[in-house]
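*Asks:* return atomic coordinates for the entry below.
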Amino acid sequence: MASHNQLGKEGEKLAEQFLLGKGYEIIHKNWRYSFYEIDIIARRSNKLHIIEVKTLTETNIGYPEDSVTKRKFKRLLNAADEFLYQHPEYRHVQYDILAITIRSHHQPEFFLLEDVYL
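*Replies:* Residues are numbered from 1 along each chain as shown. Have a look, this model is predicted:
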């Protein structure tokens, strides 16, 4: 497996632990429809959260959340539209980005951007 794929998998595991610690209920991980994917679908306080997880290491330049472009966000919206079509019981939806920075010899840093729309 390529190193960026391993980093992504590690980031998604860390994201799950972080969100569970914040009171989220994880409904789906890596939900797929056609060629679209949602990293994490979670629920908290009667609201559905569609969460894009981005992970970088200290060797990368910039912030993880910077890699969520308008195109990437549009793909996330397309996937979410299909999920909501299949699950019409969810009426309150929020789109979030969970940015994780992993630094050697340090705890991972989490930055949750809530209610994002690009």
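*Asks:* what pLDDT, on average, does the helix or strand harbouring Ala99 get?
*Replies:* Assessed by DSSP states H and E, Ala99 sits inside strand 93-102. For strand 93-102, the mean pLDDT works out to 96.
*Asks:* could you find the closest non-adjacent residue to the residue most central in space within the chain?
*Replies:* Nearest residue to the geometric centre of the chain (Cα atoms, centre = their mean): Glu52, 2.3 Å. Leaving out its chain neighbours, the residue that sits closest to Glu52 by Cβ to Cβ, 6 or more residues apart in numbering is Ile97, at 5.0 Å. Bear in mind the C-beta positions are built from the backbone N, C-alpha and C, glycine included.
*Asks:* tell me the contacts of the one you found?
*Replies:* For Ile97, the contacting residues are Ile51, Glu52, Val53, Lys54, Glu65, Val68, Leu112, Leu113, Val116, by Cβ atoms under 8 Å, 6 or more residues apart in numbering.
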